[in-house]
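Trainee: I'd like to go over a predicted model; first the sequence, then the structure.
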Amino acid sequence: MYKLYSFLIATPLFLIFTIIIGLLVSVSALLGFQSLPHRYFPMWWGRVCCWLYLLPVHVEGREQLDPKQSYIFVANHQGYLDILLMYGYLGHSFKWMMKEYLKKMPIVGQACMISRQIFVGDSLASIQQAVKNARETLQGGMSMSIFPEGTRTYDGRMIPFKRGAFMLANEIGLPVVPITINGSFRAFSRKARSVTRTPLSLTIHQPITPDYYQHRPTKVFMQEVYDIIALDVRL
């Protein structure tokens, strides 16, 4: 029955709602609003979509975040629903660091460009531009979220992190917040064709200050963050 409900009701409503939110984000960003396109519209999108698919969500550690502080959120990437979880339940305004090719996605890619998400490619010039964009926009509580694995897991286990997110953090000098996502792989992995109803959780770990990590080798700090996140991952 759930598969039938998901296919006939939840998914069509999800697609319609995603288009509406994409348009609202684009319009509000063009009008110069900050909270609407970067917090409230995405938050409603994430929460309503989880509700549509009847997915229970549990959040821990949100009280550790200062709403006026900018952060770099670093999370594991289990499946397609990770973005819904981050937008809906993190409770903080943020932009994504995302790959250049995502600009080509219909409606969503356009909304991301208009709302000035931070795109990065493989070239040195692209990385330098991403650092510049981050410096200009990550202020006054506006944060950035990154999936340092670079792609969704194939088997539920975490993939080794890429260095880019941590090099960027070192350049910008903002607190790094490790985040553990659970349940998303079982609910909708990269190989799945439909959503499976299962509990989802978001665990927000203690922020790590620049005073700590800027005096450590990038490789060492990257492994420390990996271990913090991986310790709470449940297969």
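Mentor: Okay, I see it.
Trainee: for this protein, what's the longest helix?
Mentor: Longest helix in the chain by number of residues, with DSSP state H as the criterion: helix 11-30.
Trainee: any weak-confidence spans in this structure?
Mentor: The model of the chain has pLDDT under 70 over residues 101, 106-108, 121-124, 126.
Trainee: Quick one: the strands in it, in order.
Mentor: With DSSP state E, the ranges of strands along the chain come out as 57-60, 72-75, 94-99, 118-120, 143-146, 176-182, 200-204.
Trainee: list the helices and strands the fourth one packs on?
Mentor: Which is strand 118-120. In terms of contacts (3 or more Cβ pairs under 8 Å, 6 or more residues apart in numbering; DSSP states H and E), strand 118-120 is packed against strand 94-99, helix 124-137. For every residue, glycine as well, the C-beta is placed using N, CA and C.
Trainee: likewise the last one?
Mentor: Strand 200-204 makes packing contacts with strand 57-60, helix 82-89, strand 176-182 when contacts are defined by 3+ Cβ pairs under 8 Å, 6+ apart.
Trainee: before we move on, back to that, may I see the buried residues of the longest helix of the chain?
Mentor: Phe14, Thr18, Ile21, Gly22, Leu24, Val25, Ser26, Ser28, Ala29 (16 or more other Cβ atoms under 10 Å).
Trainee: got it, and stretch 110-119?
Mentor: So for stretch 110-119, counting by 16+ other Cβ under 10 Å, buried means Gln110, Ala111, Cys112, Ile114, Ser115, Gln117, Ile118, Phe119.
Trainee: Would you quantify the distance from the first one to Val25?
Mentor: Computed with Cβ to Cβ, to the nearest Å, the distance linking Gln110 and Val25 is 10 Å.
Trainee: contacts for stretch 100-120?
Mentor: 18-19, 22-23, 25-26, 29-30, 37-38, 95-99, 121, 126-127, 129-130, 133-134, 137, 144, 164 (Cβ atoms under 8 Å, 6 or more residues apart in numbering).
Trainee: Farthest-apart pair in the buried residues of helix 11-30, please.
Mentor: The largest separation in the buried residues of helix 11-30, counting by Cβ to Cβ, is between Phe14 and Ala29 at 22.0 Å.
Trainee: if we can go back for a sec, select, from the buried residues of stretch 110-119, the two members most distant in space.
Mentor: Gln110 and Ile118 (15.9 Å).
Trainee: okay, now the nearest residue to His77 once chain neighbours are set aside: neighbour count?
Mentor: Closest residue to His77 apart from its sequence neighbours, by Cβ to Cβ, 6 or more residues apart in numbering: Phe147 at 4.0 Å. As a burial measure, Phe147 scores 25 neighbours (other Cβ atoms under 10 Å).
Trainee: Same question for Ser189.
Mentor: By other Cβ under 10 Å, neighbour count at Ser189 equals 18.
Trainee: check contacts around the closest residue to it other than its chain neighbours.
Mentor: Closest residue in space to Ser189, ignoring its immediate chain neighbours: Gly79 at 4.8 Å, by Cβ to Cβ, 6+ apart. Neighbouring residues of Gly79 by Cβ under 8 Å, 6+ apart: Arg152, Thr153, Ser184, Phe185, Ala187, Phe188, Ser189, Arg190, Ala192.
Trainee: what about 10 Å?
Mentor: Contacts for Gly79 (Cβ atoms under 10 Å, 6 or more residues apart in numbering) come out as 85, 152-153, 156, 181, 183-192, 195, 200.
Trainee: Can you report how many residues neighbour the residue lying closest to Val225 once chain neighbours are set aside?
Mentor: Closest residue in space to Val225, ignoring its immediate chain neighbours: Pro178 at 5.1 Å, by Cβ to Cβ, 6+ apart. Per other Cβ under 10 Å, the neighbour tally for Pro178 reads 24.
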